[in-house]
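*Asks:* just a sequence and a predicted model for now, questions to come.
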Amino acid sequence: MKRVILILTVLLLACTLVFAGGKKDGADGAKIPVTFAGTEAATTGQSRMMQAVADKLNATGRFNATVQVAGALSGDTDALVTQAKLGVSLVVPSDPGRLASQFQISDLNILMAPYILTDPAALDKLPDTALFKEWQAELEKQGIIYITNMYNGFRSFYTTTPVKNVADLSGLRIRGFGNAIGNNLAKYLGFANIGISWGEVFPGIQQKTLDGCEVQVATADGSRLYEVTKYLAMTKHYMLQSAFVCSSSFYYSMPEADRALFTKIMRETAKEYGEIIKNEEDGYYANMKKNGVTITEVDIKEFQDAIEPLYTNNDLGFSAGLKDRLFKELGN
């Protein structure tokens, strides 16, 4: 942890030097420095998407973009977002649930709430909705620019014992999101939610302090979870999205034309890689089977019914009519 703090502090100091001159980055013809930082393995769609964005930005001649993935800067997404908030020129893939908890915007949870969004195509329209723009404004007040969302796979349960129905999760120690969404999923499905960093999951399962995790298949494959978990229950309870954010001070340090180019490339590449990730999933599932994982097609309705009290009790604190408004703005 001390090493991570030291690395991030150095980054912060370096970025402070960039901003100290009082000029907009790139205004004098110099290239704009930016680092894309994530926790997933380099082989996942999210990491490859960031590399593709960096390559496109560098090809314009206006940016000096680099990529640090697999937790190279930190295995804690929230810590990376915090560094971005402080002004470091980082672009970080978080997710709507994490952002909702980290910045106290309850309604933002709806994008990741169990069994609400089930079609990746909805994300193509999301940045143009009034709701998205409102969330952008709330985050900007706190020093963060919400750039775009990308489909990053449906999350299901990877366990050391078979899970065929809701009751099979009872009492299991499962690594999940350490936020309101993750805690409420655990509450209604009956497992113990362990909100540790992703880098601790494999050894945790290996050492039997965890009974499994819930995650998307690309990350499960990239992390070789098939070596420690032999059961996959296809609950598809979350449609995971990578919510890309950066520092507002970094964003507005760029000349207007560069900001527009940066945003355009990010959104177009997010859409492109959302499709790539969706098309690659069958291959990852096949590799799971090849490596001895038993895949169970569960009764989705049973899991949806178990989750329903989350919404009738409004545990996530949604504004009245939020779900209907989201669907209307998405054209559903």
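*Replies:* Perfect, I can see it now.

*Asks:* in the stretch 51-200 of the chain, which spans are strands?
*Replies:* Ranges of strands in the stretch 51-200 of the chain, per DSSP state E, counting those that start in this stretch, are 63-68, 90-94, 144-159, 173-175, 192-194.

*Asks:* please apply the same query to the stretch 201-332 of the chain.
*Replies:* Along the stretch 201-332 of the chain, counting by DSSP E, counting those that start in this stretch, strands occupy 212-216, 231-247, 294-296.

*Asks:* among those strands, which is nearest Ser94?
*Replies:* Closest approach to Ser94 among the strands of the stretch 201-332 of the chain is made by strand 231-247 (5.1 Å; C-beta to C-beta). To be clear about C-beta, it is placed using only N, CA and C from the backbone, and glycine gets the same treatment.

*Asks:* list the neighbouring strands of the closest one plus their orientation.
*Replies:* Applying DSSP bridges, strand 231-247 is found paired with strand 90-94 (antiparallel), strand 144-159 (antiparallel), strand 294-296 (parallel).

*Asks:* and the longest one, how far out from the chain's middle?
*Replies:* Mean C-alpha position of strand 144-159 versus that of the full chain (C-alpha atoms, centre = their mean, to the nearest Å) differs by 4 Å.

*Asks:* just to revisit the earlier point, comparing the strands of the stretch 51-200 of the chain, which comes out most buried?
*Replies:* Mean neighbour count (mean count of other C-beta atoms under 10 Å) peaks for strand 90-94 among the strands of the stretch 51-200 of the chain, with a mean of 27.

*Asks:* out of the strands of the stretch 201-332 of the chain, which gets nearest to Ala260?
*Replies:* Nearest of the strands of the stretch 201-332 of the chain (C-beta to C-beta): strand 231-247, 14.4 Å.

*Asks:* what about the helices in the stretch 201-332 of the chain?
*Replies:* 201-206, 217-222, 248-253, 256-290, 300-312, 322-330 (DSSP state H, counting those that start in this stretch).

*Asks:* least confident of these, on average?
*Replies:* Among those, helix 217-222 carries the lowest mean pLDDT, at a mean of 92.

*Asks:* show me what Glu214 is bridged to.
*Replies:* Phe157.

*Asks:* and it, how far is that from Lys323?
*Replies:* 22 Å (C-beta to C-beta, to the nearest Å).

*Asks:* who has more neighbours out of these two?
*Replies:* Remark: of Glu214 and Lys323, Glu214 carries more neighbours, 26 against 14, as counted by other C-beta atoms under 10 Å.

*Asks:* quick check: the more buried one touching Phe157?
*Replies:* Yes - in terms of C-beta atoms under 8 Å, Glu214 counts as a neighbour of Phe157; the distance is 5.1 Å.

*Asks:* need the residues touching each of the two.
*Replies:* Here Glu214 and Phe157 share the contacting residues Ile174, Thr235, scored by C-beta atoms under 8 Å, 6 or more residues apart in numbering.

*Asks:* ok, the closest residue to Asp55 other than its chain neighbours - contacts?
*Replies:* Once flanking residues are discounted, Asp55 sits nearest to Ala65: 7.9 Å by C-beta to C-beta, 6 or more residues apart in numbering. Residues near Ala65 by C-beta under 8 Å, 6+ apart: Pro33, Val34, Thr35, Phe36, Val53, Ala54, Asp55, Leu57, Asn58.

*Asks:* show the buried residues in these.
*Replies:* The neighbour count (16 or more other C-beta atoms under 10 Å) marks Pro33, Val34, Thr35, Phe36, Val53, Ala54, Leu57 as buried among the contacts of Ala65.

*Asks:* export those residues to JSON lines and tack on distance to Val293 and pLDDT?
*Replies:* JSON lines is the format used below for the buried ones among the contacts of Ala65 (distance: C-beta to C-beta, whole Å; pLDDT from 0 to 100):
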{"residue": "Pro33", "distance to Val293": "42", "pLDDT": "98"}
{"residue": "Val34", "distance to Val293": "38", "pLDDT": "98"}
{"residue": "Thr35", "distance to Val293": "35", "pLDDT": "98"}
{"residue": "Phe36", "distance to Val293": "31", "pLDDT": "98"}
{"residue": "Val53", "distance to Val293": "32", "pLDDT": "98"}
{"residue": "Ala54", "distance to Val293": "33", "pLDDT": "98"}
{"residue": "Leu57", "distance to Val293": "38", "pLDDT": "98"}
